[in-house]
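Asks: sequence-free structure coming up:
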């Protein structure tokens, strides 16, 4: 991933900072690198006109076949998928109702959500629902929710039940998806799963979900888009939303063809070979970084999907000579900049995601960590970032980033 010699240097041309993303698939870092299969499909289609209903129909069949469900549709992102799916559950395929939203007079409007699933991923899940005219009804406590609470909340005004699968949610003490679907279906209520970053949407469909939202620019290495997969009647109702609140968030031909190519590629992946190669990269990281003073290195299974692993670095500042936040900042200052996951840096933990790193890139990341930690003992104490907790507050950091816009670009521009 380090060699871009054969491609036009768009970074140099516009003065953009190069980033090696070992943090994950965050939208703020451009999500995943787009795979060649997607690039080829987009380049082949975008110079041409195409019947969009025909293209969405192709996507419908492709998604249905790959995910083992009745139908699917492409929307422009996972957040749009939540709004579209909720609206579809409220209006069905009634165009007059679609055109009225967010006026919900006479419609079912309540959307059940476990309190531990009320998260922000950069935007609030609740806001995705609110713009449809729907109303979130929270159940349970942040760390505890039971099926009896779900059953009690379901009523004649319930349009849908929303289930969020994300590392941002509370990871224990809540209702499992299979039980959640069973209880909702007993009252005739459809279940929407927001599994944006998750690599295996079929698991949610098998558990009983009626609609499953999957980002195409995260685990699927496509362009910015998302699929909504599941029941044909509800997928058709999702398409109808393009005549209503879905219009401002419509997907273009490039997003649809990119998603088709991404899903086709995903369906053909040799998952055993991919897992074996990743494990080898992680193993080299443990072997090399585990020798550094003040650094404990483990291979950590992803707690949400349990389908892949990352490196977990525990940084002992007293022995390493720098804090976890210091290390992440110094990696970010590299050229190209290296991003690692810092959600738990305030307690000394960093996560390194090597899923999208080839061998050379993985070795480069590991080598940079080695050099930084080895040099830390000679680092003047005053050069360290001390107010780590204040600096790392994600909400404040997001605001600070917005306030810096527009940034000054590199000298190459």
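Replies: Great, that's in hand. Computed from a predicted model, the values in this text were never measured in an experiment. Numbering: from 1, shown residues only.
Asks: how many other residues sit next to the closest residue to residue 316 other than its chain neighbours?
Replies: Leaving aside its sequence neighbours, residue 316 sits nearest to residue 294 (CB to CB, 6 or more residues apart in numbering; 4.2 Å). To be clear about C-beta, it is placed using only N, CA and C from the backbone, and glycine gets the same treatment. Using other CB atoms under 10 Å, residue 294 has 19 other residues around it.
Asks: who's in contact with residue 107?
Replies: 90, 91, 97, 133, 159 (CB atoms under 8 Å, 6 or more residues apart in numbering).
Asks: tell me how many other residues crowd the last one.
Replies: So that's residue 159. When neighbours are defined as other CB under 10 Å, residue 159 has 26 of them.
Asks: got the phi and psi for it?
Replies: Backbone torsions of residue 159, given as degrees, to the nearest 10, read phi -90, psi -40.
Asks: poorly predicted segments of the protein, please.
Replies: Flagging of the chain using pLDDT under 70 yields the residue ranges 1-8, 379-394, 410-413.
Asks: repeat that for 90
Replies: Where the chain drops to pLDDT under 90, the residues are 1-9, 11-15, 25-31, 121-122, 167-168, 303-306, 343, 376-413.
Asks: among the contacts of residue 107, which ones are in strands?
Replies: Of these, the ones assigned to strands by DSSP state E are residue 159.
Asks: quick revisit: give the contact list for the residue nearest to residue 316.
Replies: Contacts of residue 294 were listed using CB under 8 Å, 6+ apart, and they are 315, 316, 317, 318, 319, 320, 321, 373.
Asks: now do 7 Å
Replies: Counting by CB atoms under 7 Å, 6 or more residues apart in numbering, residue 294 makes contact with 315, 316, 319, 320, 321.
Asks: excluding chain neighbours, what is closest to the last one?
Replies: On the basis of CB to CB, 6+ apart, the spatially nearest residue to residue 321 that is not a chain neighbour turns out to be residue 376, at 3.5 Å.
Asks: I'd guessed the one you found sits against residue 320; true?
Replies: Yes. Using CB atoms under 7 Å, residue 376 makes contact with residue 320 at a distance of 5.9 Å.
Asks: hang on, the earlier thing: quick one: the residue nearest to residue 316 from residue 133, how far?
Replies: From residue 294 across to residue 133, the span is 54 Å (CB to CB, to the nearest Å).
Asks: how many neighbours does residue 317 have?
Replies: Residues near residue 317, counting by other CB under 10 Å: 17.
Asks: also residue 39?
Replies: Using other CB under 10 Å, residue 39 has 14 neighbouring residues.
Asks: my read is residue 73 is in a strand, agree?
Replies: Yes. Counting by DSSP: H, G, I helix; E, B strand; the rest coil, residue 73 falls inside a strand.
Asks: check contacts around it.
Replies: By CB under 7 Å, 6+ apart, the contact set of residue 73 is 56, 59, 60, 228, 235, 238, 239.
Asks: mind putting these into TSV with secondary structure, distance to residue 29 and neighbour count?
Replies: Shown next, in TSV, are those (DSSP: H, G, I helix; E, B strand; the rest coil; distance: CB to CB, whole Å; neighbours: other CB atoms under 10 Å):
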residue	secondary structure	distance to residue 29	neighbour count
56	helix	29	19
59	helix	26	23
60	helix	31	22
228	strand	24	26
235	helix	31	27
238	helix	29	26
239	helix	31	20
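Asks: could you export the residues you listed as CSV, including distance to residue 344?
Replies: Shown next, in CSV, are these (distance: CB to CB, whole Å):
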residue, distance to residue 344
56, 41
59, 38
60, 40
228, 32
235, 38
238, 36
239, 41
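Asks: I'd like to know which of these is nearest to residue 142.
Replies: The closest of those to residue 142 turns out to be residue 228 (CB to CB; 27.6 Å).
Asks: next up, the contacts around that closest one.
Replies: By CB under 7 Å, 6+ apart, the contact list for residue 228 reads 72, 73, 75, 81, 84, 85, 211, 213, 235, 238.
Asks: residue 187 contacts residue 155, doesn't it?
Replies: No. Using CB under 7 Å, residue 187 is not in contact with residue 155, being 8.1 Å away.
Asks: for the residue nearest to residue 141 when sequence neighbours are not counted, what are its contacts?
Replies: For residue 141, ignoring the flanking residues on the chain, the nearest one in space by CB to CB, 6+ apart is residue 115 at 5.9 Å. Neighbouring residues of residue 115 by CB under 7 Å, 6+ apart: 138, 139, 140, 141, 142, 145.
Asks: ok, residue 221 to residue 194 distance?
Replies: Using CB to CB, residue 221 is found at 20 Å from residue 194.
Asks: one more: residue 115?
Replies: Residue 115 is 15 Å from residue 194, by CB to CB.
Asks: ok, now residue 183?
Replies: Residue 183 is 18 Å from residue 194, by CB to CB.
Asks: neighbour count for those two, which is higher?
Replies: A count of neighbours by other CB under 10 Å puts residue 194 above the other of residue 183 and residue 194, at 29 against 21.
Asks: where does that one fall, phi/psi-wise?
Replies: Main-chain torsions, residue 194, degrees, to the nearest 10: phi -90, psi 100.
Asks: what's the answer for residue 22, then?
Replies: Backbone torsions of residue 22, given as degrees, to the nearest 10, read phi -110, psi 20.
Asks: from memory it sits against residue 339, does it?
Replies: Yes. Between residue 22 and residue 339 there is a contact under CB under 7 Å: 6.2 Å.
Asks: higher neighbour count, these two?
Replies: A count of neighbours by other CB under 10 Å puts residue 22 above the other of residue 22 and residue 339, at 28 against 21.
Asks: now the residue nearest to residue 316: how far from residue 333?
Replies: Distance, residue 294 to residue 333, by CB to CB: 20 Å.
Asks: and for residue 40?
Replies: To residue 333, residue 40 is 35 Å away according to CB to CB.
Asks: okay, now residue 276: neighbour count?
Replies: Other residues near residue 276 come to 10 when the count uses other CB under 10 Å.
Asks: what are the phi and psi angles of it?
Replies: Torsion angles, degrees, to the nearest 10, at residue 276: phi -60, psi -40.
Asks: do the same with residue 215
Replies: Residue torsions, per degrees, to the nearest 10, at residue 215 are phi -70, psi 140.
Asks: going by residue numbers, what spans are strands in the stretch 251-400 of the chain?
Replies: Assigned by DSSP state E, counting those that start in this stretch, the stretch 251-400 of the chain shows strands spanning 295-301, 309-315, 337-340, 349-352.
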